[in-house]
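Participant: coordinates only, sequence not included:
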Ligand code: ARG
């Protein structure tokens, strides 16, 4: 201990007073620290979501493998909440919250009907593009939302989409989830809206404690008879070309027969993939912004349930007399939907989110990067030319994804920095400072990167390799993933905040790229750390240096956690001061 103290005192710290009596350090102003803290917290949350997702993905891969090996059913591996499975069983879907049913009436003549009570539609999802609500969607499984393909025309970058799930009957908060993947129906025709259907995979599955629940899919490619009164819901406009609404609205509309639909809508109606519903008298209809949302009919019986028969697609105006609304026929797409939902994760090219969730794979460890497994799936083994090519393909796709996401993150950061700093004013607020007391206690830069490995948490899924080839290697990968991400998975969400306390830039250390060496003091929950980084001192260089500083902070916390500098569980017991 004494030795460590002695070493710390002898560290070659920069001399703050050496340049003609001028102080050599500049402290970044609180506004910049706030930007860093806010962005750092976001980065932490994203890192935790990514870590959870990567572990869950591997766990799902193991479940798939087990199912293949034990076709008669590994019942013990079912998730505790059977309502929220990726292929909901009949009867375990379409259940509305008690108290929120039987309230929908065909009200007056307002397009879109009346305001729905909170929690009335547990499967209704709102889809946002770059923060703007654009379409509705319907939760059909724990991490899958059905919507209309036309919602994603020209907007297929999944990194920009988020989904807001249903709120609860007591106003329980709606969960907002990132989108992982968007699958348009391969036959979607943007001219005719033929096959107007898309599946959206959520980045994190719906939480079983939350109010969101999946709707039922039809059992057969048939709809209830014409005249059956069904329900539509969404945030769409109250009249044609009107604004969207802040609250969910609902209405009851009868299904219409094919001939009536054809007569009303002409050849634009393709009965093989479209159905129509509404009133020929007009007045009650879905409208712009409702697209992708549900048309559900309740199935009576001892356990009444709501079944999804349509996805809002198009109309001729909204609520016009003689022009009922058009909905994509869900019943005929049941097989396509189930096939997509139950596909093994590695059978699909990885999404940008999946690729960016993992560290860039080194060739030697490419096999351990689950997202890259897709490219190497046809190669006989590791190390050969095929595997090298697969690795290259994976890296190239990752680079394209990085560019996409970086462009977006940088824009966000620049916006944030500009709002807080204002043009050039912030420079005046940079106060020259003397050495801070904490500078004396600095460890040598990089020394926080202790090499000790964390204790490996136990894999969550155990199963015997016996009779199930490949299972063991999947389990090893799961353990490795849990190992790698343990540092962030262990942080309880209430501690998941990054706090930049101080950034001291050494004025005598300008690099060729115009950046300055700086000491950064930051906290993550109760853990405090100091590390060195590079920072710009002009708006342009500062904005450029922030993302790297954030990445360094994340890396420093990860290394500190993995170095085991704090006993496990200390998140809970210690408070920050
Ligand atoms: N295409 C519209 C949307 O994108 C939905 C229109 C539904 N129109 C109707 N009259 N039913 O939101």
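Facilitator: The structure has been received and is ready for your questions. In this text, all values refer to a predicted model and were calculated from it rather than measured experimentally.

Participant: which one's the longest helix in the chain?
Facilitator: helix 30-69 (DSSP state H).

Participant: buried sites along that one?
Facilitator: Across helix 30-69, burial judged by 16 or more other CB atoms under 10 Å covers 31-33, 35-37, 39-40, 42-44, 46-66, 69. Where you see a C-beta, it was placed from the backbone N, CA and C, and this is true even at glycine.

Participant: The helix or strand following it packs against which elements?
Facilitator: Counting by DSSP states H and E, the next helix or strand C-terminal to helix 30-69 is strand 114-115. Packing partners of strand 114-115 (3 or more CB pairs under 8 Å, 6 or more residues apart in numbering; DSSP states H and E): strand 249-254.

Participant: Give me the distance from the strand it packs on to the chain's centre.
Facilitator: Relative to its chain's centre, strand 249-254 lies at 31 Å (CA atoms, centre = their mean, to the nearest Å).

Participant: Could you do stretch 531-545 as well?
Facilitator: Taking mean C-alpha positions (CA atoms, centre = their mean), stretch 531-545 and its chain are 29 Å apart.

Participant: again, but for stretch 238-256
Facilitator: The answer for stretch 238-256 is 28 Å, by CA atoms, centre = their mean.

Participant: Pull out the buried residues from it.
Facilitator: By neighbour count on 16+ other CB under 10 Å, the buried set for stretch 238-256 is 238, 244-245, 248-256.

Participant: Repeat that for stretch 375-387.
Facilitator: For stretch 375-387, a neighbour-count test (16+ other CB under 10 Å) marks 375-376, 379, 382, 387 as buried.

Participant: need the residues of the stretch 101-250 of the chain near the ligand, please.
Facilitator: For the stretch 101-250 of the chain, the contact set with the ligand under CB under 6 Å from any ligand atom comprises residue 236.

Participant: In three-state terms, label whichever residue of the stretch 101-250 of the chain sits closest to the ligand for me.
Facilitator: At 5.7 Å from the ligand, residue 236 is the closest residue in the stretch 101-250 of the chain, using CB to the nearest ligand atom. Recorded secondary structure, residue 236: coil (DSSP: H, G, I helix; E, B strand; the rest coil).

Participant: quick one: the closest residue to the ligand within the stretch 451-577 of the chain and residue 50, what's the gap?
Facilitator: Closest contact between the stretch 451-577 of the chain and the ligand, by CB to the nearest ligand atom, is at residue 493 (34.5 Å). As judged by CB to CB, to the nearest Å, residue 493 and residue 50 stand 14 Å apart.

Participant: And residue 239, by the same measure?
Facilitator: Distance from residue 239 to residue 50, by CB to CB: 42 Å.

Participant: now do residue 392
Facilitator: Using CB to CB, residue 392 is found at 24 Å from residue 50.

Participant: before we move on, what about residue 292?
Facilitator: Per CB to CB, residue 292 is found 26 Å from residue 50.

Participant: before we move on, what about residue 483?
Facilitator: 15 Å.

Participant: what does residue 322 give?
Facilitator: Taken as CB to CB, the span from residue 322 to residue 50 is 51 Å.

Participant: low-scoring stretches of the stretch 301-450 of the chain, by residue?
Facilitator: 359-369, 382, 406-450 (pLDDT under 70).

Participant: where along it do the strands fall?
Facilitator: Secondary structure of the stretch 301-450 of the chain (DSSP state E, counting those that start in this stretch): strands located at 305-314, 325-329, 431-433.

Participant: Which of those has the highest mean neighbour count?
Facilitator: strand 325-329 (a mean of 29; mean count of other CB atoms under 10 Å).

Participant: so how far is that strand from its chain's centroid?
Facilitator: With CA atoms, centre = their mean, you get 28 Å for strand 325-329.

Participant: surely residue 487 meets residue 561?
Facilitator: Yes - counting by CB atoms under 8 Å, residue 561 is a contact partner of residue 487 at 3.6 Å.

Participant: taking the mean pLDDT, what do you get for the helix or strand where residue 145 lies?
Facilitator: Residue 145 belongs to strand 144-147 when assigned by DSSP H and E. For strand 144-147, mean pLDDT is 98.

Participant: Which strands border it, and is each parallel or antiparallel?
Facilitator: Strand pairing for strand 144-147, determined by DSSP bridges: strand 132-141 (antiparallel), strand 198-202 (antiparallel).

Participant: ok, residues contacting it?
Facilitator: Residues from elsewhere that reach strand 144-147 (CB atoms under 8 Å, 6 or more residues apart in numbering): 86, 125, 127, 135-140, 163, 197-202, 291-292, 308, 311, 330, 337, 340-341.

Participant: what lines up beside the helix or strand just after that strand in the sheet?
Facilitator: Next along the chain after strand 144-147, taking DSSP H and E as the criterion, comes strand 161-164. Take DSSP bridges as the rule and strand 161-164 pairs in its sheet with strand 124-129 (antiparallel), strand 176-184 (antiparallel).

Participant: what distance separates strand 161-164 from the middle of the whole chain?
Facilitator: Relative to its chain's centre, strand 161-164 lies at 8 Å (CA atoms, centre = their mean).

Participant: next one: stretch 545-557
Facilitator: Distance of stretch 545-557 from the chain centroid (CA atoms, centre = their mean) equals 21 Å.

Participant: per-residue confidence averaged over it?
Facilitator: Computed over stretch 545-557, the mean pLDDT rounds to 84.

Participant: residue contacts, the nearest residue to residue 227 once chain neighbours are set aside?
Facilitator: In space, and not counting its chain neighbours, residue 227 is closest to residue 254: 5.6 Å by CB to CB, 6 or more residues apart in numbering. Residues in contact with residue 254, defined by CB under 8 Å, 6+ apart, are 226-230, 277-279.

Participant: how much space is there between residue 254 and residue 248?
Facilitator: For residue 254, the distance to residue 248 - CB to CB - is 21 Å.

Participant: Check residue 536 too.
Facilitator: Counting by CB to CB - residue 536 and residue 248 are separated by 46 Å.

Participant: Residue numbers of the stretch 251-400 of the chain in contact with the ligand?
Facilitator: Taking CB under 6 Å from any ligand atom as the measure of proximity, the stretch 251-400 of the chain contacts the ligand at 285-291, 312, 314-315, 318, 325.

Participant: Could you identify which of the residues you listed has the most neighbours?
Facilitator: Sorting these by how many neighbours each has (other CB atoms under 10 Å) puts residue 286 first, at 34 neighbours.

Participant: Helices along the chain, start to end?
Facilitator: 2-9, 30-69, 258-265, 334-341, 352-357, 373-376, 385-421, 425-428, 437-440, 471-489, 539-562, 570-573.

Participant: Export the buried residues of stretch 375-387 as JSON lines, with columns for distance to residue 546.
Facilitator: Shown next, in JSON lines, are the buried residues of stretch 375-387 (distance: CB to CB, whole Å):
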{"residue": "375", "distance to residue 546": "33"}
{"residue": "376", "distance to residue 546": "36"}
{"residue": "379", "distance to residue 546": "40"}
{"residue": "382", "distance to residue 546": "38"}
{"residue": "387", "distance to residue 546": "38"}
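
Participant: among those residues, which two are most distant?
Facilitator: Greatest spatial distance among these (CB to CB): 375 and 382, at 12.4 Å.

Participant: just to revisit the earlier point, would you confirm that the residue of the stretch 101-250 of the chain closest to the ligand contacts residue 315?
Facilitator: No - between residue 236 and residue 315 there is no contact under CB under 8 Å: 10.4 Å.

Participant: could the strands paired with strand 144-147 go into TSV alongside distance to residue 121 and mean pLDDT?
Facilitator: Below are those laid out as TSV (distance: least, CB to CB, whole Å; pLDDT from 0 to 100):
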stretch	distance to residue 121	mean pLDDT
strand 132-141	9	94
strand 198-202	17	97
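
Participant: Same list (the ones you listed) but as JSON lines, adding mean neighbour count.
Facilitator: Formatted as JSON lines, the strands paired with strand 144-147 follow (neighbours: other CB atoms under 10 Å):
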{"stretch": "strand 132-141", "mean neighbour count": "24"}
{"stretch": "strand 198-202", "mean neighbour count": "24"}
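
Participant: Need the pLDDT of residue 530.
Facilitator: Reading off the confidence values, residue 530 has pLDDT 90.
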